[in-house]
Each structure stands twice: as C-alpha cells, then as structure tokens.
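**Student:** here is the input, now give the coordinates:
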Amino acid sequence: MTDTDLHALLSIARQAADAGAAVLTERDAVALAGQPLDGSGHGITTKSSDSDFVTDFDRRAEEAVRSVISHHRPHDVISGEEYGTTEVSDPSGYRWSIDPLDGTTNFVRGIVYYGTSVGVQAPNGEWVVGVVVAPALQKQWWALKGEGAWTARTGSDPVRLAGPKGNLGSGLLATGFGYDPARKAQQVATVAALNEHFGNIRRLGAAALDICMVAEGAQDAYAEYGIQEHDWAGGAVVAEEAGVDVYRPVSADGTNRPDWCLVGDIGISPTDLNPAPQG
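**Tutor:** Below you'll find the model as predicted:
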C-alpha cells in the first residue's frame with residue numbers, strides 16, 4: 001500500500017472513531033455527568049459477570065463505526081466487540097479492530113474515562129493505523145505507521161507525542177483487572193509486585209485511554225493481562241509511534257488465550273512476569 005493510501009486509511013479511521021464517539025455524546029442528554037444510567041431505555045445487560053456491562057450505546061456506536069468503514073472499504077474485514085468478525089467478498093487483506101465503547105462501566109456510572117477505539121491491520125500482519133477518541137474529555141489520539149503519533153483537544157492544535165520521561169521510581173503504572181475472581185486475584189498479586197518499581201498505580205477503567213496516556217507521558221507504563229484485541233488495537237499503534245515499546249498479546253482472544261499487554265518500561269523483563277495468571 002502506498003503512503004497516500006495509508007493516509008486515506010487514517011482519514012477513514014478518524015471519521016469512523018468520530019462517528020462512534022458522536023453516539024456516546026448522547027449520554028449527556030439522558031444522564032448528568034457523575035450519575036449512573038438506569039436500565040430503562042438504554043438496553044443495559046451484562047456479559048461475563050454482573051459488573052461486565054453492555055448497553056444500547058455500545059451497539060449503536062459499533063454500528064456507526066462499521067457504517068463508515070464499510071462505506072469506504074467494503075472489502076475490508078471488521079472485527080468488533082459487539083458484533084464479532086464480519087466476512088466480506090473478495091477481501092482486501094486489511095482488517096479493522098474496533099471497540100465502540102471502551103470503558104463501558106465508566107460510561108454507565110458517569111465517569112469520564114471512556115472512548116471509541118479503531119485499529120487497522122495490514123495484510124502482512126502489521127498494525128498501521130490507530131485512533132482513539134474520548135468524547136467526554138474532548139480529546140483524541142491518532143497515529144500512522146512510520147509517521148508518528150499525535151493528540152489534540154477539541155479546538156486545539158495537534159501535539160506530537162514522545163512517550164514518558166523521568167524515572168519509574170516517581171512514575172505511574174496503569175493497569176486493569178478482569179471480571180473472573182480467580183484471574184483478578186492473580187492479576188492483583190502480579191501488579192502489586194510490579195508496583196515496587198513505580199511511584200504509584202492507576203486503574204482508570206479504559207485500556208485504550210490508558211495506553212494513549214502512556215504515549216503522551218501522563219502515565220509511565222501499562223500492564224494488563226487477558227484483555228481483548230479490540231481493547232489494545234488502536235492505542236498500541238499510538239504508543240508505538242510515540243516511541244514506546246509495546247508487547248501485544250499473541251492471540252486476539254484474551255478470554256481463552258490470555259496474555260499480557262505491555263506498554264512502556266515495566267521495570268522488569270516481560271519474560272520475568274511471574275506468576276503468570278492462568279485461565
């Protein structure tokens with residue numbers, strides 16, 4: 001693919017992420033910031049546990065993201081959190097991994113850390129485009145392979161990202177925890193050991209935003225076990241293009257084939273992470 005085509009992909013990805021985020025902004029019309037949504041009219045259900053929410057906003061946001069991509073790229077495969085992987089005729093080899101609402105629990109409860117994430121994988125397996133939009137923060141991050149990563153708030157000029165600075169001893173380690181109690185207990189133990197290298201820990205509840213905040217240096221590293229591909233696909237490109245080391249899980253399936261997603265310097269070699277959570 002030519003440079004011009006890659007720029008076209010980035011443009012489509014930004015349009016798609018904006019379309020998903022536009023659906024999420026409707027939340028302000030039904031609940032004030034800081035107030036949880038109720039179940040009426042918002043289709044709130046659960047998936048893997050009582051605290052693993054999915055809402056009508058998740059579904060409608062994914063439909064909006066998919067609509068933009070399919071309009072411009074009808075022969076690209078799309079993998080999404082709510083509707084799975086859609087097959088296409090005469091596939092181009094490009095695949096989009098989308099999370100229409102990363103941070104659903106935050107969204108439901110009126111916490112502002114949530115957003116829409118879009119990542120693009122080329123036929124050779126490389127991740128080449130990443131976009132994350134956080135509508136409640138009025139902020140977005142984007143990156144194109146080989147051309148750097150950027151962020152901007154609504155109405156402001158873009159700023160190029162260069163990753164975290166300073167030493168880990170005063171730094172922040174970002175993480176998250178799964179819904180399964182046994183896995184969560186193992187994650188807590190491992191992250192507690194990692195915290196010895198950092199000043200403190202943050203758990204904001206949205207992997208894509210966590211990863212982008214490492215890219216911009218607001219946080220120093222991110223480590224989480226068992227997340228899905230759509231959680232890290234967009235943000236990982238942003239971090240990599242900001243010059244941050246990224247370890248992507250081997251499998252897209254974080255439930256049945258869990259692995260660590262690591263962004264930045266975690267203070268030890270990734271191979272020394274022990275004990276590794278099981279299940």
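
**Student:** longest single helix anywhere in this structure?
**Tutor:** As assigned by DSSP state H, the longest helix anywhere in the chain is helix 3-24.

**Student:** which residues does the most centrally placed residue in the chain contact?
**Tutor:** By C-alpha atoms, centre = their mean, the chain has its centre lying nearest to residue 208, at 2.4 Å. The contact partners of residue 208, by C-beta atoms under 8 Å, 6 or more residues apart in numbering, come to 99, 102, 103, 115, 117, 132, 231, 232, 234, 235. (C-beta placed from N, C-alpha, C; glycine too.)

**Student:** surely the fourth one meets residue 18?
**Tutor:** This points to residue 115. No: assessed by C-beta atoms under 8 Å, residue 115 is found out of contact with residue 18, at 11.0 Å.

**Student:** compare these two (neighbour count), which wins?
**Tutor:** A side-by-side neighbour count of residue 115 and residue 18, using other C-beta atoms under 10 Å, places residue 115 first with 32 against 18.

**Student:** sorry, back to before: what touches both of residue 115 and residue 18?
**Tutor:** Joint contacts of residue 115 and residue 18 (C-beta under 8 Å, 6+ apart) are residue 133.

**Student:** out of the contacts of residue 208, flag the one nearest to residue 223.
**Tutor:** Nearest to residue 223 among the contacts of residue 208 is residue 232, at 11.6 Å by C-beta to C-beta.

**Student:** show me the contacts for that closest one.
**Tutor:** Counted by C-beta under 8 Å, 6+ apart, residue 232 has contacts 119, 207, 208, 211, 248, 249, 261.

**Student:** can you put the residues you listed in CSV and add secondary structure and distance to residue 168?
**Tutor:** Output for the contacts of residue 232, formatted as CSV (DSSP: H, G, I helix; E, B strand; the rest coil; distance: C-beta to C-beta, whole Å):
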residue, secondary structure, distance to residue 168
119, strand, 27
207, helix, 20
208, helix, 23
211, helix, 17
248, coil, 22
249, coil, 23
261, strand, 18
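
**Student:** what residues of the helix or strand hosting residue 240 count as buried?
**Tutor:** Under the criterion of DSSP states H and E, residue 240 resides in helix 229-241. Buried positions in helix 229-241, judged by neighbour count with 16 or more other C-beta atoms under 10 Å: 229-241.

**Student:** following that helix, which helix or strand comes up?
**Tutor:** Downstream of helix 229-241 (by DSSP H and E), the next one is strand 246-247.

**Student:** dihedrals phi and psi, the residue lying farthest from the centre of the chain?
**Tutor:** Residue farthest from the centre of the chain, counting by C-alpha atoms, centre = their mean, is residue 90 at 28.6 Å. Dihedral angles of residue 90 (phi, psi; degrees, to the nearest 10) stand at phi 50, psi 60.

**Student:** what's the nearest residue to it if we skip its chain neighbours?
**Tutor:** residue 75 (5.4 Å; C-beta to C-beta, 6 or more residues apart in numbering).

**Student:** let me know whether the one you found touches residue 87 as I believe.
**Tutor:** No: using C-beta under 8 Å, residue 75 is not in contact with residue 87, being 10.7 Å away.

**Student:** so which of those two has more stuff around it?
**Tutor:** With neighbours defined as other C-beta under 10 Å, residue 75 and residue 87 compare such that residue 75 has more, 12 against 7.
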